[in-house]
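**Student:** Model the following, please.
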Amino acid sequence: MLRLPPFDFRAPRRLAEAAAILAGEGDGARVVAGGTDLWPNMKRRHQHATTVVSLMGIPELAAVDDGGGELRLGATATLAQVAASDAVRRRYPALACAVRSISSPPLRNMGTLGGNLCLDTRCTYYNQTEPWRRAIDFCMKEAGTVCWVAPSSPRCWAHAASDAAPMLCALGARVLLRAHDGERVVPLEELYRDDGIDYLNKRREEILCAVLLPAEAAVEHCAGSFWKLRRRGAIDFAVVSAAAAAWFDAGGAVERLRLVLGAVASRPLRVVAAEELLAGRRLDEEAVAEAARLARKAATPMDNTDFQAQWRGLMVERYAAAALRQAAGLEPGIRPPHHPL
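**Tutor:** Okay, here's the model as predicted:
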């Protein structure tokens, strides 16, 4: 049995108190919400903390506020709550689809939206027990100097595994970050770096408090779609995902579009070349095929997760095409995922 190491556990009731603790404790402090990522990582000694600050006792972080305009989703709202939210299902159904695809019911009842957005990057060589990693020597994401996926590379290629992030980036979501010295709101896509180790573009003491979804991305203005590939129909992390959000003019041509891939880079990967190609065009089969080829060209799936990297590259094209077709109201061209749980 893997056990947690010793640490000081703090459970503040107010956001200001949590921010003050993080500011005072230094690099040894970490926040936890549902714990579905942090606790296993600490048990496997991937991540370390002298102090863990729970956010689950702070009521304001769990609220879902829908005034008919911008939708605010609290960071500690559970994934199950977000997927079942009437406001999310009615106004942003593609997001509800993406969140429903995460893991299994027990973990969706524990895991939170903010936790999923801050999910640690993943890699075959990293997500193992400590004895396994020690046997081959640690990789650079932990205590070593070599990336075992690409040994000659100067960087870590662990990939982003969040399923909520690609869809929220496609919808143009923003996030509220709070620290002891103030707060700021940034586009979600700017929260991520293309670095398997230093993958979050925020200060250590900043707390992700809320996700803000724009009214212009609601279903009456925007067509969204999310597709995810994994070995089983539930539980498993994505090996490829594709999220699309499209806005059309009165004549049916694309006014603007976002196409975001998951699990093929160290951050959610926005396919700007495909977006530029489709601007002003009708989203027909020819345009979809051209854009999907650009998505495959942009992606760099590595040999660091399930299935062969070459096959995953092919699936990038297939799943990007499916997301774009569904956003255009066409048949997606692949079978819908089966979620037995």
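
**Student:** Which secondary structure state does Ala210 sit in?
**Tutor:** strand (DSSP: H, G, I helix; E, B strand; the rest coil).

**Student:** beta partners of it?
**Tutor:** For Ala210, the beta-bridge partners are Gly74, Leu176 (DSSP bridges).

**Student:** Just give me the neighbour total for it.
**Tutor:** Neighbour count for Ala210, taken as other CB atoms under 10 Å: 23. C-beta here means a position set from N, CA and C on the backbone, and glycine is covered the same way.

**Student:** hang on, it packs against Leu176?
**Tutor:** Yes: using CB atoms under 8 Å, Ala210 is in contact with Leu176, at 4.4 Å.

**Student:** Okay, Ile197 and Leu278: tell me how far apart.
**Tutor:** Distance of Ile197 to Leu278, computed by CB to CB, to the nearest Å: 34 Å.

**Student:** ok, these two, which is more surrounded?
**Tutor:** Counted by other CB under 10 Å, Ile197 and Leu278 do not tie: Leu278 has more neighbours, with 24 against 16.

**Student:** Return the residues in contact with that one.
**Tutor:** Neighbouring residues of Leu278 by CB atoms under 8 Å, 6 or more residues apart in numbering: 246, 254, 257, 287, 291, 324.

**Student:** which of these tops the neighbour count?
**Tutor:** Neighbour max across these (other CB under 10 Å) = Leu324, 31 neighbours.

**Student:** Now that residue: phi and psi?
**Tutor:** phi -70, psi -40 (degrees, to the nearest 10).

**Student:** What's the per-residue pLDDT of it here?
**Tutor:** Looking at Leu324, its pLDDT reads 98.

**Student:** Spatially, which residue comes closest to it, not counting chain neighbours?
**Tutor:** Nearest residue to Leu324, sequence neighbours excluded (CB to CB, 6 or more residues apart in numbering): Val288, at 4.7 Å.

**Student:** residues in contact with the one you found?
**Tutor:** 321, 324-325, 328, 330.

**Student:** and the two most separated of the residues you listed?
**Tutor:** Among those, the pair separated by the greatest distance (CB to CB) is Ala321 and Ala328, at 10.5 Å.
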